[in-house]
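A.B. asks: Requesting a structural model of the entry that follows:
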Amino acid sequence: MSSREENKPLSAEELEDLVASTDVGGRNPSNRNIALFIAALALIWSLWQVWIASPIPYLVGWGVFSGKEARPIHLAFSLILAFLAYPAFKKSPRDHVPAMDWVLGILGVATTMYLVVFDSSIADSLMGSRLSDRPGNPNTLDIVVACVGVVVLLEATRRALGPPLMIVAMVFLGYTFLGPYAPGILAWKGASFGAVADHQWLSSEGVFGIALGVSTGLVFLFVLFGALLDKAGAGNYFIKVAFSLMGHMRGGPAKAAVVASGMTGLISGSSIANVVTTGTFTIPMMKRVGFNSEKAGAVEVASSVNGQIMPPVMGAAAFLMVEYVDISYFEVVKHAFVPAIISYIALVYIVHLEAMKLDMQGLPRAGEVKPVKLALLSFGITLATILILGGALYYLSELFGLLDSSMNRLIVILVLILLQVGILKGAVEKAEEGTKAKILSKGALVLCNAVIVGFAVFFAVDLIRQLAGPVLTPWIAGAAILAVYIYLISICAKYPDLVIDDPNSPITALPEPGPTVMAGLHFILPVGVLIWCLMIERLSPELSAFWAVALMIFILLTQRPLFALFRKNAGSGFFKQGFDELIDGLISGARNMIGIGIATAAAGIIVGTVSQTGVGLVLAELVEFLSQGQILLILIFTAILSLILGMGLPTTANYIVVSSLLAPVIVSLGQQNGLIVPLIAVHLFVFYFGIMADVTPPVGLASFAAAAVSGGDPIRTGFVAFFYSLRTAILPFLFIFNTDLLLIDVTPLQGVIVFIISTVAILLFTAGTQGYFMAKSRIWESILLILIAFTLFRPGFWMDIISPPYEKVDPAGIVDAVQNASPESELRLIVQGMDDVGDDIVFTAVFPVGDQATGEERLEAYGLELLIENNKVLIDNAAFDSPAQAAGLDFDQQIISVLVPVSQPAKELLYIPAILLVIGIYMLQRRRRQPPVASSPTAG
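C.D. replies: This is a model prediction of the structure:
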């Protein structure tokens, strides 16, 4: 292991080069014209992407690009920028672009644009036919172009993303040609150059498939949105806000790093960029309060990498899931919400436990006094009251339609105002003047007001829709957003700008929370618009991102002139400064997309090979054999495969590859084990472990980046970060077996309960794995805490052992069983049949019971026709496009058993002994805890 002296922190220039070489390309041409050309290409790419996402082309009837045209153009920009920005080798020149790179870049543009040009009217005059006129029958020129295009793409992949993804793609491509020579069950007939060229390059099955389509239509805009937000100053604002709110607590800088990285993760899809951006400030501060270099780097890695699981953006994976799982974007975000939030809560708790172990103190805050417990109590009661009240109103409105009329809505808002004023009046009166209690009470007042404003805005928008209609509503909404923006700027202008601090300079005091939060309130507006469009208006992700980007463009152009106006600063140049920042943001957004565009295209080669060769079915059989049909083993194999591939593949490419290969296998094996696994759960499982690969040694790139900032040992940093990330690794296994965590088929009230219980469970799991709760835990206490956490996460596991949920009945009595079952209950049918290759399988099918009068009618509604002979029940027919067919039932399969649900005690009863055990451990540890060392008034 290297010593501290041997691992010195990198300079700011070296860190910028590290991010550049990984994310945007490390070449910086000294020739000004070449540099301007590269910047101009990136700028044109961003403007084109904004154009095709906007409704303007459809309104004017010009400049509309179909997906078949947009994907090649998108890849053309990615390829030429990759060869201009990324040197071929480490020793290749960085101050100029060699001639070979120009040639490769031009070839990349030519081979991709061939699909656009030669499928247009130009092809009619040149060749007499278009590409679309000869599907599956490419000519010689088509084959040559495809071969050159694939080779150029592989080289661009090597440069931008490293050799691993290129090697994996080449292996799959080689398998396409060398199928007859593959060993054993992997052998297949092979394909010709023409067939491969057509499938991989000329059709939408390979390179230009779904993944590149998502990159073209969705990912670019969200990456651009993040780049524009950062250029506007939102990144620094999030960091400052996090430090002002949490820096005074025990281990405060580390807690602030977690929160800042979570907020930055909302606008950044790159783990490494997140580590370097926030870590440059947070890691030195963590070291200052007592964290060693490795732990400081590990906290930053764990929090930055988890930024990719934070809704609403989630890197690129959320948008890929929309296509692969075939559900709405809103559903993806809903399913991902609880695991992401509780994961971050657990990480904050990890930091707190580390601070408790070492008796760390926070950073000083100017004018701070000792906290008062009353303030925390009043704040918690107030927050809980508002949440309960809001939830109750929601459910009452759902049940009784109380909020259908405008008058009732106005009454609701007035009731909310009166209640929150009454609740907070007592808290503020009891708080002593000048104490933190008053500060927190005022904070709670602001929070309550935000809830009221949220209700008011929601109702007002709905009222505007009713009165103004679909034509005027967007104009009114735009005017309202403009008014809110100007109002927020007028507030922010009263406070000084947030300057970027030097992380290596001593800190005398933390920034005050109030002025810090108020100085950048307008940055919340575009994020709010994005979330509103996605979640409330239910616009497409592409259109939602367009409106958010359009607002960010407006903000960048106007924020500085407006600040100058409200501050009465004379002078000029404010508009030019904003315009320059806008251009920089557009260029940065495009350069951040180079690697993602290349990765999705290269991953398309792998997906294309799977669809052309059918190797997915073979791998499914192989994995099933290795796992012996055990769902837990297949999940472990999938996790290991994701980690191994993720060592060299970016998260997006890793997710595409593993989900394409193994997601259907997990669903199928789960069905055979009697576990109905929703497809979204499997895709999130793969995604989580793809992210973990950025942490895991020996090739965790985020860990290396953090070590470069902290001066710690990269391998040790990676291992500590992995240990901190255990809660992220355990969550996917839990939500596969308990889909309540993904809010699947739960009511809103149940969702709130799931969130509360899951939060408690993840905190107990964290305490168990960290070996510290109220004091240092004994081994048996740690094991017990982990078991309690498991019980809270999966109480049904123990309850099913105590009281089985199903009773097995003879299959010949299926009609009576279906008739006697309660409507909306679910029977389980154990079915024996054959898979696609003729092998015998046994699987479980879910039978949702309808409300028809007889068992025969319920079977008919399910789409099932049965043949019962001598206690043998055969499926005579599963109606086309029926629930029975969707469940995998087919002709000539045999139902060997029927499982009927029986009355079972509520699984939540097991929470009682679990909570009692927690109280017992708490009391034991509290007794033996040493009296804390007297802390300074600044400790939180």
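A.B. asks: Just name the shakiest helix or strand of the chain by mean pLDDT.
C.D. replies: Ranked by mean pLDDT, DSSP states H and E, the weakest helix or strand in the chain is helix 373-400, scoring a mean of 46.
A.B. asks: can you give me the helices for the stretch 551-700 of the chain?
C.D. replies: Taking DSSP state H, counting those that start in this stretch as the test, the helices found in the stretch 551-700 of the chain are 574-613, 615-627, 631-646, 651-672, 679-692.
A.B. asks: Check the stretch 751-900 of the chain too.
C.D. replies: Going by DSSP H, counting those that start in this stretch, the stretch 751-900 of the chain shows helices at 779-793, 795-802, 814-820, 855-862, 883-886.
A.B. asks: What's the local residue count around residue 59?
C.D. replies: When neighbours are counted by other CB atoms under 10 Å, residue 59 registers 8. Bear in mind the C-beta positions are built from the backbone N, C-alpha and C, glycine included.
A.B. asks: packing partners for the one helix or strand it maps to?
C.D. replies: In this assignment (DSSP states H and E), residue 59 forms part of helix 56-60. Contact partners of helix 56-60 among helices and strands, from 3 or more CB pairs under 8 Å, 6 or more residues apart in numbering; DSSP states H and E: none.
A.B. asks: And residue 521, how far from residue 304?
C.D. replies: Note on residue 521: its distance to residue 304, by CB to CB, to the nearest Å, is 25 Å.
A.B. asks: which one of the two has more residues nearby?
C.D. replies: residue 304 (34 against 16).
A.B. asks: May I have the predicted confidence score for that one?
C.D. replies: Per-residue pLDDT puts residue 304 at 77.
A.B. asks: before we move on, back to that, what about the helices of the stretch 551-700 of the chain, which gets the closest to residue 169?
C.D. replies: Minimum separation from residue 169 across the helices of the stretch 551-700 of the chain (CB to CB) falls at helix 574-613, 4.4 Å.
A.B. asks: quick one: that closest one to helix 651-672, angle?
C.D. replies: 40 degrees (axes from the mean of the first three to the mean of the last three CA atoms, to 10 degrees).
A.B. asks: Could you give me the buried positions within helix 574-613?
C.D. replies: 574, 578, 581-610, 612-613 (16 or more other CB atoms under 10 Å).
A.B. asks: who are the neighbours of it, in terms of helices and strands?
C.D. replies: By 3+ CB pairs under 8 Å, 6+ apart, helix 574-613 packs against helix 32-53, helix 67-85, helix 140-161, helix 163-177, helix 210-214, helix 220-232, helix 541-567, helix 651-672.
A.B. asks: ok so, going back, turn the helices of the stretch 751-900 of the chain into JSON lines, including distance to residue 734 and mean pLDDT.
C.D. replies: As requested, those are exported to JSON lines (distance: least, CB to CB, whole Å; pLDDT from 0 to 100):
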{"stretch": "helix 779-793", "distance to residue 734": "5", "mean pLDDT": "91"}
{"stretch": "helix 795-802", "distance to residue 734": "10", "mean pLDDT": "87"}
{"stretch": "helix 814-820", "distance to residue 734": "32", "mean pLDDT": "86"}
{"stretch": "helix 855-862", "distance to residue 734": "31", "mean pLDDT": "87"}
{"stretch": "helix 883-886", "distance to residue 734": "26", "mean pLDDT": "84"}
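A.B. asks: wait, which of those is closest to residue 55?
C.D. replies: Between residue 55 and these, the tightest spacing by CB to CB is seen for helix 883-886, at 36.0 Å.
A.B. asks: what comes up buried for the closest one?
C.D. replies: Using 16+ other CB under 10 Å as the test for burial, helix 883-886 gives 883, 884, 885.
A.B. asks: pLDDT below threshold where in the stretch 1-150 of the chain?
C.D. replies: Counting by pLDDT under 70, the low-confidence segments of the stretch 1-150 of the chain come to 1-26, 124-128.
A.B. asks: Oops, could you answer that again for the stretch 451-600 of the chain instead?
C.D. replies: Short version for the stretch 451-600 of the chain, where the test is pLDDT under 70: 451-466, 468-469, 500-509, 535, 570-571.
A.B. asks: in terms of contact, does residue 257 touch residue 287 like I think?
C.D. replies: No: using CB atoms under 8 Å, residue 257 is not in contact with residue 287, being 11.4 Å away.
A.B. asks: the more surrounded of those two?
C.D. replies: residue 257 (33 against 19).
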